[in-house]
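[1] Task: produce atomic coordinates for the following.
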Amino acid sequence: MMVLPHHASTACHPSHIPHPEKFMGYIAKGLASRAWRYQLVEVLDGMNRKFACHYIIFYPTVSCDGLPFPINEWLRNIQGACFKEESAWQGDIVVAKYQGMSPFSSMINTSIADFPILKNYFMNHGSPSTIRR
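    Next up is the predicted model:
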């Protein structure tokens, strides 16, 4: 898992799209944002209020050779006995933290304090969609 740290003061224009594919191996080149999707994490199960700063998880959807992405072993280890192959995260993922309404224009620094929150999310949630091949 790679976490993208960004400074709030260097937020980009709202029309700019991030390029997490630069940090993903085995992803189709030249497709830009069509080769990946994202999942917003605003609350954990059991919470009745949203986080003050949310997370965005980028995951690959189109591989460079049309074959399935390998199962993400790091996330498989986190899920432990709860791991289900049919909903496994595949390929490299990129996690970013943001504040405000626009996840693409207001990314902020992450810290080690964010790890338990993300670990909790990944332990209880599989990949949000079937990966296209």
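[2] where are the low-confidence patches of this protein?
    1-16, 129-133 (pLDDT under 70).
[3] Please repeat the previous calculation with a cut-off of 50.
    For the chain, the stretches with pLDDT under 50 are 4-14, 131-133.
[4] ok, longest helix in it?
    Counting by DSSP state H, the longest helix found in the chain is helix 114-124.
[5] If you count contacts, what does it end up packed against?
    Helix 114-124 sits against strand 53-60, helix 73-79, with contacts defined as 3 or more Cβ pairs under 8 Å, 6 or more residues apart in numbering; DSSP states H and E. All C-beta spots, glycine's among them, are computed from the backbone N, C-alpha and C.
[6] ok now that helix, how far from the chain's centre?
    12 Å (Cα atoms, centre = their mean, to the nearest Å).
[7] So which residues make contact with that helix?
    With Cβ atoms under 8 Å, 6 or more residues apart in numbering as the contact definition, helix 114-124 has outside contacts at 1, 3, 41, 44-45, 51, 55, 75, 78-80, 82, 89, 95, 97.
[8] top of the residues you listed by neighbour count?
    With neighbours defined as other Cβ atoms under 10 Å, the most crowded of these is Trp89; it has 27 neighbours.
[9] ok, and the closest non-adjacent residue to the residue nearest to the spatial centre of the chain?
    The chain has Ile57 as the residue nearest its centroid, 1.7 Å off, counting by Cα atoms, centre = their mean. In space, not counting the residues next to it along the chain, Ile57 is nearest to Gln39; the distance is 4.6 Å by Cβ to Cβ, 6 or more residues apart in numbering.
[10] so that neighbour touches Gly126, yeah?
    No. Counting by Cβ atoms under 8 Å, Gln39 sits too far from Gly126 to count as a contact (10.6 Å).
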